[in-house]
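# Next come a sequence and a model predicted from it.
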Amino acid sequence: MALLMRNVCATVRLVACVERAAFQARALSISARLLADRKYTKKHEWVSVSGDIGTVGITDFAAEQLGDIVFVELPEVGTALTQGDSTGAVESVKAASDVYAPVSGTVTEKNTVLEQEPGKINKSPFDDGWMYKLRLTNSNELSGLLDESAYQKFKKEEEAAEH
């Protein structure tokens, strides 16, 4: 009986381990897909598109360069933006920087939490630190943005030029 119980316990642990590994693989696959779908500008904004809605923010690199963010100016819902338009600003203890529209569209939502907790951009620029969402008016503009690989290469070149 004791041997049977040990075998049952071992089987339960094995099943739990396999289920956990499968969950982690699915989560990794979803994260990799989201990363692949994110596009970047040379001014360090990003946009992630789902359907015709783009979620916009600044990159972790930009947030790190700025330092502790203390104020965020966001565009108003309903604002029509053209690619390259200034959409607001991010201010830190070290500097202030304008934020530009990576693509054209109309603002559908802004992350009002950032108005009270701008530091979320430093902590989680791609998740909780997103700035606004917009309905794209010209999805062809996405092809002119950098994918993850091109952005990483651009960032390295920019860092090398600074030193």
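That came in fine, so what should we check first?
# so where is this protein shaky, pLDDT-wise?
Residue ranges of the chain with pLDDT under 70: 1-36.
# Just the strands from it, written as ranges.
38-40, 45-50, 53-58, 69-73, 80-81, 86-92, 96-100, 105-110, 132-136 (DSSP state E).
# Can you add distance to Ala150 and give those strands back as TSV?
(Glycine included, C-beta is placed from N, CA and C.) Conversion of the strands of the chain to TSV gives the following (distance: least, CB to CB, whole Å):
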stretch	distance to Ala150
strand 38-40	8
strand 45-50	13
strand 53-58	17
strand 69-73	26
strand 80-81	23
strand 86-92	23
strand 96-100	18
strand 105-110	22
strand 132-136	20
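# List just the one of the ones you listed that sits closest to Leu146.
When the strands of the chain are compared by CB to CB, strand 38-40 sits nearest Leu146, at 4.4 Å.
# elements contacting the closest one?
strand 45-50, helix 148-162 (3 or more CB pairs under 8 Å, 6 or more residues apart in numbering; DSSP states H and E).
# Now render these as CSV, adding distance to Ser92 and mean neighbour count.
Output for the helices and strands packed on strand 38-40, formatted as CSV (distance: least, CB to CB, whole Å; neighbours: other CB atoms under 10 Å):
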stretch, distance to Ser92, mean neighbour count
strand 45-50, 16, 19
helix 148-162, 18, 12
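# Much appreciated, bye for now.
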